[in-house]
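> have a look; sequence and predicted model below, questions after that.
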Amino acid sequence: MGLLLHPAGAWAEPRPGIAMHGEPTEQADFSHFPYANPDAPKGGRARFAKQGSFDSLNPLIVKGVSADGVREYVYESLMARAYDEPFTLYGLIAETVDTPADRSWVEFTLHPDAKFSDGTPITVDDVIFSHAVLRDRGRPNHRSYYKKVKTVEKTGERKVRFTFDGAGDREMPLIMGLMPVLPSHLFTAETFEKTTLEPPVGSGPYVVEKVDPGKSITYRRDPDYWGRDLPVNRGLYNFDEIRIDYYRDAGSMFEAFKSGLVELRNEDDPTRWTEGYNFPALRQGRVVKDALPVETPAGMSALVFNTRRPLFADPRVRRALITLFDFEWVNRNLYHGQYARTESYFARSDLSSHNRPADATERALLAPYADAVKPAIMDGTFALPVSDGTGQNREGRVEALKLLEDAGYALKGGVLVNAETGEPFVFEILAATRAQERLLLTYARALKQVGIEARIRQVDSAQYQRRKQTYDFDMIQYFWPASLSPGNEQSFRWGSAAAKAEGSYNYAGVESEAVDAMIEAVLAAKDREDFVSAVRALDRVLLSGDFVVPLFYLPRQWVAYWRALKRPDDTPLYGYQIDTWWDAGAETGEHAVDP
């Protein structure tokens, strides 16, 4: 059930759920999410894979690279997200939520049974401690969000209220609902900031069973998990054991999947999807390939300009390099034509501005920033350059050279140089995987045709992560996922303050008053119509800034898995959720994946 509507500042009443816009779908007495199977058997094990390495079990700080799964399986939030609604939360550690119509504050009532895995009850003091330590010492996104809280107060034995700073950010009650809750009896502010491989204590459905530093982490389902019968958890967390193994490269990770050492694979390589799955286990029906529907925005996959670098400070230079990316040739020759071109930060959804003229609300929002949006993007006629697919891209080269000449460059002896200094146009593209390297080498050859030298440098995952966090790169390939309810994370990706804060996702270094204003409009929108208009306005400003070379996206979600794993029939809006799957061997007493 949703919150009652009252005049701004009036009292609401506690409810079990809250939606960003409109009303939650589920009623107060709902038994389980529609995409979960409440009768799924418990037991068995699952083995997953991750590329790279890890040196920490603390996912809430900048230092170190945390092992996968700690945040999801060990540390719980006050509320749980529903993945078949755009942005709706239901009770978890917090039994109910209360907020007025203007969302100037939010109050949570803790569940009386909530406890950490060591048996210690979760208290309001734990919630207050968690907010303070994450605000002051957590990751930059947490620091940014939680500083919008003006006061925190204990309003009852199990009640805690957060009052906000008056900035009009209507997402803040939900942001606080997603705050992880830490055991204050085991942390101090100082010890929280340290990287550690000591198994953490949380309140979630799993505990850390075993750690092989940098190589694997194993989680064991907690038989005493306090929240196992809550509606938000019924049919979830079915495996007794989850093991995540780390692999140094994609090739060895795929071989592990083929041999049954890994049981599920999210596939994003069209060549491998088209040609690589012809192995015995699949032919025998022991491995399943599924192309599942996904109804969320595709997000932005792109080559990212670090505009902090003087070389990429000029938007004409960035536009030239965008023009030189030959999507048609790349898609056909590298990816079997499986991709669609990304022409919006919210492609594949009604949040996209592509092919849509700006409505009256958008034009009003953008009016103070007349120079921030290109006319073709404003009227919905803009499209990225389309080549003939031959690989020559003659029109693109001509257009790019004109832009580069306007920006002060000249082609001399086949080398593009700064017309004043004679310095050649050279930059480095940082790569983390061989799959990236193949695309980047193709792009570098296209740039070479106009005299630009792009040097590809592949580094190990730890170095790649460090250089990303400190913006020590010229260009990287990156993917920003998108939801049906973009909000505060947009500040962390594109906000001017984030451009100066290490560890943010503003890798492009975007500093724009127009972008900041559109993000504020997104956060202040009270109904779905104004929200969609604000997101589209943000999309138009970002597209107009030419901060990235947009790449491509897959129309469906590709997943391959061994038949030992079973999944519910229904796939939610956000694609499959592995926590709703189960081990078929849990029903038979056998684990069926062993080759």
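Looks like it came in fine. Numbering: from 1, shown residues only.

> just checking, residue 335 touches residue 271?
Yes. In this structure, residue 335 is within contact of residue 271 by C-beta atoms under 8 Å, at 6.6 Å. To be clear about C-beta, it is placed using only N, CA and C from the backbone, and glycine gets the same treatment.

> ok, the two, which is more surrounded?
Each of residue 335 and residue 271 has its neighbours counted (other C-beta atoms under 10 Å); residue 335 has more, 17 against 13.

> for residue 100, grab the count of nearby residues.
Neighbours around residue 100, by other C-beta under 10 Å: 20.

> that one: what secondary structure?
coil (DSSP: H, G, I helix; E, B strand; the rest coil).

> which residues of the stretch 451-595 of the chain fall in helices?
Defined through DSSP state H, counting those that start in this stretch, the helices belonging to the stretch 451-595 of the chain, from first to last, are 461-469, 489-494, 496-499, 513-524, 528-545, 585-588.

> out of those, which is closest to residue 133?
Across the helices of the stretch 451-595 of the chain, residue 133 has its closest neighbour in helix 489-494 (18.6 Å, C-beta to C-beta).

> quick one: distance of the closest one to the chain centre.
11 Å (C-alpha atoms, centre = their mean, to the nearest Å).

> how about stretch 191-207?
With C-alpha atoms, centre = their mean, you get 22 Å for stretch 191-207.

> and stretch 459-471, by the same measure?
18 Å.

> what residues does that stretch touch?
51-53, 55, 62, 65, 248, 306, 308, 430-432, 472-473, 476, 502-503, 507, 509 (C-beta atoms under 8 Å, 6 or more residues apart in numbering).

> my guess is residue 554 contacts residue 268. True?
Yes. If you go by C-beta under 8 Å, residue 554 and residue 268 touch, sitting 6.8 Å apart.

> mind checking which of these two has more residues around it?
residue 554 (19 against 15).

> I'd like to check which residues are in contact with the more buried one.
So residue 554 contacts 268, 270, 298, 338-340 (C-beta under 8 Å, 6+ apart).

> which of those ranks first by neighbour count?
Top of the contacts of residue 554 by neighbour number is residue 298, holding 22 neighbours under the definition other C-beta under 10 Å.

> just the strands in the stretch 51-200 of the chain please.
79-81, 88-91, 94-98, 105-110, 149-156, 159-164 (DSSP state E, counting those that start in this stretch).

> to residue 564, which of these lies closest?
So among the strands of the stretch 51-200 of the chain, strand 79-81 is nearest, using C-beta to C-beta, at 26.9 Å.

> just checking, what packs against that closest one?
Judged by 3 or more C-beta pairs under 8 Å, 6 or more residues apart in numbering; DSSP states H and E, the packing partners of strand 79-81 are strand 88-91.

> so what touches the strand it packs on?
Contacts of strand 88-91 (C-beta under 8 Å, 6+ apart): 16-20, 24-26, 30, 79-82, 97, 111, 174, 177-178, 230-232.

> of those, buried ones?
16-20, 24-26, 30, 79-82, 97, 111, 174, 177-178, 230-232 (16 or more other C-beta atoms under 10 Å).

> which of those residues fall in helices?
Secondary structure from DSSP state H places 174, 177 of these in helices.

> state the distance from the closest residue to residue 219 other than its chain neighbours to residue 241.
In space, and not counting its chain neighbours, residue 219 is closest to residue 206: 3.9 Å by C-beta to C-beta, 6 or more residues apart in numbering. Distance of residue 206 to residue 241, computed by C-beta to C-beta, to the nearest Å: 9 Å.

> center of this protein - which residue?
residue 481 (4.3 Å; C-alpha atoms, centre = their mean).

> tell me the contacts of that residue?
Residue 481 neighbours (C-beta under 8 Å, 6+ apart): residue 299.

> joint contacts of residue 206 and residue 241?
Taking C-beta under 8 Å, 6+ apart as the contact rule, residue 206 and residue 241 both touch 219-221.

> most neighbours of all the residues you listed, which one?
Highest count within these by other C-beta under 10 Å belongs to residue 219, 27 neighbours.

> how many other residues sit next to residue 156?
Neighbour count of residue 156, defined by other C-beta under 10 Å: 11.

> quickly list what it is bridged to.
Counting by DSSP bridges, residue 156 forms beta bridges with residue 159.

> next one: it, what pLDDT does it get?
What the model reports for residue 156 is a pLDDT of 96.

> please apply the same query to residue 141.
85.

> separation between it and residue 107?
The separation that residue 141 has from residue 107, given C-beta to C-beta, amounts to 23 Å.

> what about these two, which has more around it?
residue 107 (23 against 20).

> from residue 151, how far out is the more buried one?
For residue 107, the distance to residue 151 - C-beta to C-beta - is 12 Å.

> where along the stretch 301-450 of the chain do the helices fall?
Going by DSSP H, counting those that start in this stretch, the stretch 301-450 of the chain shows helices at 315-323, 327-334, 360-366, 375-378, 394-406, 434-448.

> residues contacting residue 302?
342, 477-480, 548-551.

> if we go to 7 Å?
478, 548-551 (C-beta atoms under 7 Å, 6 or more residues apart in numbering).

> so where's the stretch 1-150 of the chain uncertain?
Within the stretch 1-150 of the chain, the segments meeting pLDDT under 70 span 1-12.

> kindly recompute the last result at 50.
Applying pLDDT under 50 to the stretch 1-150 of the chain flags residues 1-11.

> can you pull the pLDDT of residue 268?
On the pLDDT scale, residue 268 gets 86.

> tell me which stretches of the stretch 251-400 of the chain form strands.
Using DSSP E, counting those that start in this stretch, strands in the stretch 251-400 of the chain cover 264-267, 287-292, 300-305, 340-341.

> ok, the residue lying closest to residue 56 once chain neighbours are set aside - contacts?
Counting by C-beta to C-beta, 6+ apart, residue 64 is the residue found nearest to residue 56 once chain neighbours are left out, at 3.3 Å. Taking C-beta under 7 Å, 6+ apart, we find residue 64 in contact with 55-56, 58, 195.

> ranking those by neighbours, who comes first?
residue 58 (22 neighbours).

> I'd say that residue and residue 193 touch.
No. With contacts counted by C-beta atoms under 7 Å, residue 58 stays clear of residue 193, the gap being 8.5 Å.

> closest one to residue 440 out of the contacts of residue 64, please.
Closest to residue 440, out of all of the contacts of residue 64 and judged by C-beta to C-beta, is residue 55, at 26.8 Å.

> against residue 244, how distant is that closest one?
15 Å.

> how about stretch 425-436: buried residues?
For stretch 425-436, using 16+ other C-beta under 10 Å, the buried residues are 425, 427, 429-433, 435-436.

> likewise stretch 568-577?
568, 571-577.

> separation between the residue nearest to the centre of the chain and residue 272?
In terms of C-beta to C-beta, residue 481 sits 21 Å off from residue 272.

> tell me the pLDDT of residue 167.
76.

> isn't it up against residue 148?
Yes. Applying C-beta under 7 Å, one finds residue 167 in contact with residue 148, separated by 6.2 Å.

> more neighbours: which of those two?
A direct count of neighbours by other C-beta under 10 Å for residue 167 and residue 148 places residue 148 higher, at 19 against 12.

> that one and residue 166 touch, don't they?
No. Contact criterion C-beta under 7 Å: residue 148 and residue 166 do not qualify, at 9.3 Å.
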